[in-house]
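Trainee: Okay, sequence plus prediction incoming.
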Amino acid sequence: PQRRRKRAHNGSENVKRKSAKAGRSSVRRAGGSHGKQRHVEAVTLFEVVTMGRSAMQAVIDDWLEAYATNRDSSLLDLISFFIQCSGCKGVVTAEMCQSKEDSEVMSKMVEELDEDSVEYPLIQPGPYGRWFHSEFCDFVSVLVAQCQHSVIFDSYLMNTLISLLTELSNSYVRAFRHTCTLAAVKLLSSLAGAALSLSVSIENSQKLYEVQKTKTMRQKSTLQLERIQKKITELQEKRAEIESMMDIIFKGVFLKRYRDVLPEIRSICMEELGLWMKLYSSAFLNDSYLKYMGWMMHDKIPDVRLKCVLGLQGLYGDPVLLPKLDLFTSRFKERMISMTLDKDNEVAVQSMKLLVLISKTCDDVLSPEDYKQLLQFVYSSQRPLAALALAKKMTYFHYTDGLMCLVCVRFQLHKHVVYLVDSLWDCGGALLKDWPALTSVLLEDPSSHSPEQAVLVEILVASVRQASEGPALAGRSGAKKVSGRFIPIYETHDFWALYFDNVCSLMMLFAENTQVCINSVLELHSSPAVLEAAARTYLSLCGEETAGCSVARAARDSLVHRWVDQLTALLGDSLEGDSLSADEEKTGEILATLKKLRAFHNCHDLVRWNLFELLSPLLSVESSQGGALPEVLLEVLQCLCYSMLWSLNTSSETLTSRKAVAQRLQLRLFCERGHHCLSHSDLSVRQQAFLAVCDVLTAHSYQLHVWDPTSFGPLLYTPSPKLQRALLTFVCMHVFVGPDCDSQCMERLEDLHKRRNLLAAFCKLIVHGVLEMSMAAEVFMYYMKYYNDFGDIIKETMYRTRQIDKIESARTLVLCLQQLFVRLKREQESGGRAHPGVQTFTSIKELARRFALTFGDLIKFRECVVMIHRNGIEFVFQEFSQTPETPTPLYLSYLTILSEFSSKLLKPDKKTVFSYLQKHTAEHIIDLREECWQPLIYYRASLLTVAEGEDAVSYVSSDRKLYLPNRSPFPKQKLEGTTLTQYFMSLLSPSTSCITLNIDASVLSTANEEDDDDTVEVEL
């Protein structure tokens, strides 16, 4: 909709009135020179809304002058304004308002002016709707502000306006009900402001009256006292009249609309009710009105509940209003607490803010049990909600009390200290960043190692990590995005200069030597988290920029060398030929040592210890002859994978011909052993073998691409066809499977995460050229069936392969569709039970439609789309020999699927493809009366959707061997300037949305070809 379009209605009285001219002149005065440049001429009050508040005030002043002269005509303009704001294009005439009285007149207007107002100005999308809402509310407030000292008390304007809005707000037409309800509640808000001004004037007059009364008899003036008393009486009468108007609007509009079926209307009512109670508390802030706020906190729409909570925040934030809220607080406290668990995040956050506000202003409202319940939100997934959970307590705690509070929270609620620190970072950041004080508390009693000290250490570490890495925690959303580069605090000199002594003291307290401490921990523990932390610690200590890195490297090498010697001795005693004989104790030692080597091999280059030759024999051990446990094989596969990755990472300076040959032999051996593990009985071993083989092959492909061609490079290795087929079979059998219905939600998520990793590893092989691009066809065919689980991965694979070779990528899509179609045909011919890998014809057609949507740029992918059509036509008609037993090609219905790509053809290409189709169909007898030829009819029509009339002529006349009947059951019809496709579509019922054209017994023929006119006669 245009923001400044005219709505001049013929017959409207305000077009003819002279006051309109005055209104236009006032608009020009308000708009200044800018208004002259736009040449704005306001014809109706509705157009005033488009001109801003300054023009609005000027036009309303002129309207008041016109109202004083002819109030009926001016009031008619105001009525027309609200009707037009509702989106109605009708005209309100004087006869309509003079024919009947009051409510009957309003009912008559609703009956006569109900129109198709599905989209009225208030619900227009985009900025126009928001702008109109603001300007419309301003108009109502300016109208009351300009009238509050004059015509508002004439018992005519307000009575008529309130009656109009009340009647239209009760209309069954949504546009009238929504617009007029908003106008009515805004009118009540403006009246409340006027009543408040009168109350202030009454209070000042009463003060002046009391001052006059205290004067002496000589100074006192009886006449002045009477004048002041008369003024007070008049002001009180006006206030009473306004309060009566507000009561009428409240009972006539609010009480009927606060439970309206439209959520927007309910939100408007609750928002304005909160404003009334805060603005004019003497009349509205009591339990008779507060109960509506409490009731609507149970509304099913989040926005309505949010408006209630925001309104209550304004009330509880004013200390003067708190005594009037005691009964409401006791009645609805449980509901306000339960709203912190609201499914809408904004409602939950604002409810928590409301409770924090209540706890600050009313000390005895929330009980210890309530605080304990709210304390649990420290670990909420929403960071704004978690940050508010301890906002009040952290404000009033002293330093020591704050530390004890953190310790208590850590012990009572949860084990994840990082989430606790992240929640308190905004309100208790000063406490958490005071690291010297935290360390001083720990050093007060060095001899005692209490659980509280351990918690303080965790808090200290978590606070330093929070300051250095920011609030990016798994599973928690709502964190503020930091613009620019985030500088970790550990990179600054001040951190180490200020706290180095304290850190050293802590290290001396908990361990005399860091390396000795780590080594002792590794001797006792073998959990993945501990091993990873130790490996990363050594990685930091062994860095070039770290002081004493040589000592740390020597300690690390000594540790690894001891583990390798220990593992060599264990395997030497247990591994005999193709069998592994080890008792439970020895197997446990082998597994623990493998875990340590695997954790360190992930971070450190351990190639010089030659772990590949040590561990690779374990993969060839037959399970039937005492094979290794699945847990041992998992660690072996990961160690060998890391060993291969470190080996492939060798730089060009150190790679010699001998090393290149050895590297290629190791790569081939690893792939062969991994291929063998793909058939292992344990699922986790099969998955780990698949991931290891894919990662190593991807790294090898990357190594070949980035290697400097001027130096001696690695030797190329291509996986065997058996291995390629095994990888593809593994993906189809282990990735594209249905979830286990009996498993729990968390187990399903973990299983889905594993399957996504498997699919991503396989797709990397295709993208990096390790596997043929045609192997992606088996993956693409599951794009729609598993769209929610793997749609993003498959779509990214399509995008990457298209960047490499768009023609080959398009061939892969065609191969995918053709394979699915052939499987479906075979399943239909066999008549057996449906196979899980077979999809329905509708799903294949939908998959083709989604494939077609990926070709956005028609110019860029022109060759690809043409190739798809040529390939599809050849797929259908190639090697087809028409016989009485086989009148149509076996795969003719594939043309219906192929038609999904017709919309991506350019107009010249459509003609080319159509000619190519004619070339394949010209040799066959095609009887279009037969239902079996419908896919061909539909595909031809899709190729001619943008053709001109001569294209339709060529379409009809090109079939030289059409079967022509002697008579037709339908009359002849002429197509003048109409394409054949449009004629086909006209035969369909308007309410039908079929995929294929269902034309029974239709034969196309050209009649009277020797005629000179341009018409084409189609005989049915």
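Mentor: Alright, I've got the coordinates.

Trainee: from here on, contacts and neighbour counts on C-alpha atoms
Mentor: Will do.

Trainee: Give me the residues contacting stretch 692-700.
Mentor: Applying Cα atoms under 8 Å, 6 or more residues apart in numbering, the contact partners of stretch 692-700 are 637-638, 641, 644-645, 648, 667, 670-671, 674, 761-762, 764-765, 768, 770.

Trainee: List just the nearest of those to residue 128.
Mentor: The nearest member of these to residue 128, counting by Cα to Cα, is residue 764 at 47.2 Å.

Trainee: I'd like to know how many residues surround the closest one.
Mentor: Neighbour count of residue 764, defined by other Cα atoms under 10 Å: 18.

Trainee: OK, contacts around it?
Mentor: Residue 764 neighbours (Cα under 8 Å, 6+ apart): 694, 698.

Trainee: Where does it sit, in terms of helix or strand?
Mentor: Element membership for residue 764 (DSSP states H and E) is helix 745-767.

Trainee: and that helix, average pLDDT?
Mentor: Averaging pLDDT along helix 745-767 gives 89.

Trainee: again, but for stretch 71-91
Mentor: Average pLDDT, stretch 71-91: 82.

Trainee: okay, that stretch in PDB with CA atoms only?
Mentor: Coordinates of each C-alpha in stretch 71-91 appear next as PDB, following Å, rounded to 0.1, in the frame of the first residue of the first chain:
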ATOM      1  CA  ARG A  71     -21.100  19.900  14.100                       C
ATOM      2  CA  ASP A  72     -23.100  17.300  12.200                       C
ATOM      3  CA  SER A  73     -21.000  17.600   9.100                       C
ATOM      4  CA  SER A  74     -17.700  17.600  11.000                       C
ATOM      5  CA  LEU A  75     -18.800  14.700  13.100                       C
ATOM      6  CA  LEU A  76     -19.600  12.900   9.800                       C
ATOM      7  CA  ASP A  77     -16.000  13.400   8.800                       C
ATOM      8  CA  LEU A  78     -14.800  11.900  12.100                       C
ATOM      9  CA  ILE A  79     -17.000   8.900  11.600                       C
ATOM     10  CA  SER A  80     -15.700   8.400   8.100                       C
ATOM     11  CA  PHE A  81     -12.200   8.600   9.400                       C
ATOM     12  CA  PHE A  82     -12.600   5.600  11.700                       C
ATOM     13  CA  ILE A  83     -14.400   3.700   9.000                       C
ATOM     14  CA  GLN A  84     -11.600   4.300   6.500                       C
ATOM     15  CA  CYS A  85      -9.000   3.400   9.100                       C
ATOM     16  CA  SER A  86     -10.700   0.000   9.400                       C
ATOM     17  CA  GLY A  87      -9.900  -0.700   5.700                       C
ATOM     18  CA  CYS A  88     -13.400  -0.100   4.500                       C
ATOM     19  CA  LYS A  89     -13.800   1.700   1.200                       C
ATOM     20  CA  GLY A  90     -17.500   2.600   1.700                       C
ATOM     21  CA  VAL A  91     -18.900   6.100   2.100                       C
END
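
Trainee: which parts of that stretch are buried?
Mentor: 71-89, 91 (16 or more other Cα atoms under 10 Å).

Trainee: and what of stretch 159-179?
Mentor: Buried, per 16+ other Cα under 10 Å, within stretch 159-179: 161-171, 173-179.

Trainee: same thing with stretch 290-310?
Mentor: Quick answer for stretch 290-310 (16+ other Cα under 10 Å): 290, 292-294, 296-297, 299, 302-310.

Trainee: Show me which of those residues is closest to residue 691.
Mentor: residue 302 (45.2 Å).

Trainee: what's around the residue nearest to that closest one when sequence neighbours are not counted, how many residues?
Mentor: In this structure, residue 302 finds its nearest non-sequential neighbour in residue 344, 6.4 Å apart by Cα to Cα, 6 or more residues apart in numbering. By the criterion of other Cα under 10 Å, residue 344 has 15 neighbours.

Trainee: now do the one 10 residues further on
Mentor: Other residues within reach of residue 354 by the criterion other Cα under 10 Å amount to 23.
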